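**Student:** What follows is a predicted protein model with its sequence.
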Amino acid sequence: MGKTVAEKIFDAHHVDCPSGDIHVISLDAVFCHEITTPIAITDLMARGKDRVFDPSKIKAVIDHVTPAKDSKTAMQGKILRDWAVRHGIKDFFDIGRNGVCHAIFPEKGFVRPGFTIIMGDSHTCTHGAFGAFAAGVGTTDLEVGILKGVCAFKKPESIKVNIFNSLHNPSSLHNPSNLHNPTNLHNPTNLHNPTNPHNSDNFNNSGSLLPKGVYAKDVILALIGQIGVNGATNKIIEFCGSVVDKMSMDERMTLCNMAVEAGATSGICSPDMVTVDYLWQFIKDEYQSKEAALESFSKFRPDSDAVYSKTIDMDISNLEPQVTYGYKPDQVKPVSEMEGTRIDQVYIGSCTNGRLEDLEIAASILKGKKIADSVRGIVSPATPDIYSKALDKGIIKIFMDAGFCVTNPTCGACLGMSNGVLADGEVCAATTNRNFNGRMGKGGMVHLMSPATAAASAIKGYIANSEI
Amino acid sequence: MKNFNGKVLFLDRSDINTDEIIPAKYLTEISKEALKPYLLEDIVLQGFSPANDIKGKSVVITRDNFGCGSSREHAPWAFEVNGINLVIASGFARIFRQNMFNCGMMAVELDKALLDKIFNLFANKDTSLETDMDKMTFKFTAGDLKEIVPFTISEYDFSLVKAGGWVDYADKNY
Ligand code: SF4
């Protein structure tokens, strides 16, 4: 019987089977941030177990509230910082070098196909984009991960989501990928400064199969709308199909990031040449060629006769941009039905959509325009590297000229802790991943959407389609 | 082992998420005890008042997909410091469920039809529950009304409840 990606990864990391379908697996990395880790550190100290299993496999960042906004958040940062120093954790990202965890850790090359990763953060599923098993856990699991480098999970069952475009016609492709259509105004590559040395190979998504104005965010929102917030509980969502094959790593991370909003333990994309291209700068000393790396990573691709608990075929040929309307991420409607909804704030950022491609897409819509007087625009590039590249490409200038406030890389407003908290009764068009009641501030309403829809909405002052 | 007996709080809604259980702005607290006044502060549930309805309750009974959203273990802790160590639902989000057992608390799933019956019989009444860990039964009582319901948890989850958590178990075994 064939195996899924997750089953192959579990086999390769098996430690114990303490009972029934519970599997204890070894961990390749434990990621940490300053909200959930300090309390784990404090508890380990209280138990007389202030140890770490392997400092080189622990990566830590201060990202949720940074710079610290008060004494309590300053103390959370301090506990994490002191701990990193005490245990010789070298990959610790403090202010000036810090960014949103699920953006900065992949960017530093800490995620590889076949890896097992936990973090005290539900959106850890993002890293599945690399063909890794990456899951959010609570404080106790995190403590055990830090202490022993293991974690217990139920035997992984996967749902296969096959995403395709039945109307695919390569000559009518649009952004962000069509590098050969100079008339396409929304093509973010038009923003490239020819002298820019950072025109990275990482954004290898030429030939996107997404309909015009539709992005990875719309695909995942539509899927969550279809299967519900409980549709993948205790399951892994394995994304595949021609649309995913053509997606960049940034797009795949957006897809996997929101798997948990359908209840999934992790999202996973199979490693391919797009993955290798992204990782090449980190792995070029380990493999003779990209082909050799791909061959090695291919052991973490699913078997053709792998068994899935369910297969969902998703034809995105007629997909419209999607927007949420309630307090649950599965309350999703096409933008045309949400058009005209009043907004007070637009937030572009987060581990879902604060990466370079997201900023490029938004900037391609904002270029030469002003946001509505009634709207506050906030953009948070997810990492210093993204910020810096956005500066080089003129993207930050476009945001500023349009009237956006540009913040430092941080989670901030996404979870209503700083940098853009909503007042009671206010409405935010956000590229984040959660619209829960009170998420961005007590009494506030959040509508989730793509960076393109958010940018178009900022200009209009109400929810609007980027393509009209 | 923790206490799994006492008065029941019924939360008649599915998909109650961790932001509703304990909002993110309280995640800067370093002690569990500090979370006590904020349990269920942002819940969207008609007729429910956290200030009046939580006091004196030791068990929560709710619907499906309870605890979805964030990984914060602050959610079980907020229950724990309010004296609630047992949540019964027709389904849980994975991380919340695991966090409960990792803390030596219980998140027990009951069949949907059975849960409907319990809601019909006991919600809106002054209901108490007694847990028998040997027989694996819950006994519901409201006045003269009584109902005994069997439940199951895995051997592994039971060992975490008995051990009072996963940290010591793992440190010893791995
Ligand atoms: S950006 Fe938002 S969802 Fe992502 S890790 Fe930060 S707080 Fe969580």
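**Tutor:** In hand now; what should we look at? Numbering: from 1, shown residues only, chains lettered A, B, ... in the order given.
**Student:** any idea how far A:M400 is from chain B?
**Tutor:** Distance from A:M400 to chain B, counting by C-beta to the nearest C-beta, to the nearest Å: 29 Å. Where you see a C-beta, it was placed from the backbone N, CA and C, and this is true even at glycine.
**Student:** Contacts only, for that residue.
**Tutor:** A:V406 (C-beta atoms under 8 Å, 6 or more residues apart in numbering or on different chains).
**Student:** Which helix or strand contains it?
**Tutor:** Using DSSP states H and E, A:M400 maps to helix A:395-402.
**Student:** Now A:K460: closest residue in space that isn't a chain neighbour?
**Tutor:** Excluding its sequence neighbours, the residue lying closest to A:K460 (C-beta to C-beta, 6 or more residues apart in numbering or on different chains) is A:A372, at 6.3 Å.
**Student:** give me phi/psi at that neighbour?
**Tutor:** Main-chain torsions, A:A372, degrees, to the nearest 10: phi -60, psi 150.
**Student:** Identify the residue nearest residue 97 in space, chain neighbours excluded?
**Tutor:** Picked chain A for this. Counting by C-beta to C-beta, 6+ apart, A:R97 lies nearest to A:P384, which is 6.1 Å off, once chain neighbours are set aside.
**Student:** Oops, wrong one, chain B.
**Tutor:** B:A107 (4.5 Å).
**Student:** same check, this time on A:G228
**Tutor:** A:G228 sits nearest to A:D330 (C-beta to C-beta, 6+ apart), 4.8 Å away.
**Student:** just B:E147 next, same as before
**Tutor:** Nearest in space to B:E147, with sequence neighbours left out and distances taken as C-beta to C-beta, 6+ apart, is B:F140 at 4.6 Å.
**Student:** Spell out, range by range, the strands that occur in chain B.
**Tutor:** B:6-11, B:57-62, B:86-89, B:106-109, B:128-132, B:137-142, B:145-150 (DSSP state E).
**Student:** List the contacts of the most centrally placed residue in chain B.
**Tutor:** Nearest to the geometric centre of chain B sits B:V87, at 2.1 Å (C-alpha atoms, centre = their mean). By C-beta under 8 Å, 6+ apart, the contact list for B:V87 reads B:V59, B:V60, B:I61, B:T62, B:F66, B:G67, B:F79, B:M100, B:M105, B:M106, B:A107, B:V108.
**Student:** now do 7 Å
**Tutor:** Each residue near B:V87 by C-beta atoms under 7 Å, 6 or more residues apart in numbering or on different chains is listed here: B:V60, B:T62, B:F66, B:F79, B:M100, B:A107.
**Student:** Close to chain A: what parts of chain B are there?
**Tutor:** B:15, B:17, B:19-20, B:23-25, B:27-28, B:30, B:42, B:44, B:64-65, B:68-73, B:91, B:93-95, B:98-99, B:102-103, B:154-156, B:165-167, B:170-171, B:174 (C-beta under 7 Å from any C-beta of the partner chain).
**Student:** go again using 6 Å as the cut-off
**Tutor:** B:15, B:17, B:19, B:23-24, B:27-28, B:42, B:44, B:65, B:68, B:70-71, B:73, B:93-95, B:99, B:102, B:154-156, B:166-167, B:170, B:174 (C-beta under 6 Å from any C-beta of the partner chain).
**Student:** Mind checking which of those are in helices?
**Tutor:** B:D19, B:R94, B:I95, B:N99, B:N102, B:E155, B:Y156, B:W166, B:V167, B:A170 (DSSP state H).
**Student:** thought the second one was touching A:I236?
**Tutor:** No: with contacts counted by C-beta atoms under 6 Å, B:R94 stays clear of A:I236, the gap being 10.7 Å.
**Student:** So if I had to pick from those two, which one is more boxed in?
**Tutor:** A:I236 (28 against 24; other C-beta atoms under 10 Å in any protein chain shown).
**Student:** Please report how far the more buried one lies from A:P113.
**Tutor:** Applying C-beta to C-beta, to the nearest Å, the value for A:I236 to A:P113 is 15 Å.
**Student:** ok, now B:P50?
**Tutor:** 45 Å.
**Student:** what about these two, which has more around it?
**Tutor:** For B:P50 versus A:P113, neighbours defined as other C-beta under 10 Å are more numerous around A:P113 (25 against 16).
**Student:** Just give the closest residue to B:L27, not the sequence neighbours.
**Tutor:** The shortest distance from B:L27 to any non-neighbouring residue, by C-beta to C-beta, 6+ apart, is to A:I35 (5.1 Å).
**Student:** Quick one: classify the one you found as helix, strand or coil.
**Tutor:** With DSSP: H, G, I helix; E, B strand; the rest coil as the basis, the three-state label of A:I35 is coil.
**Student:** What count of nearby residues applies to it?
**Tutor:** Residues lying near A:I35 (other C-beta under 10 Å) number 26.
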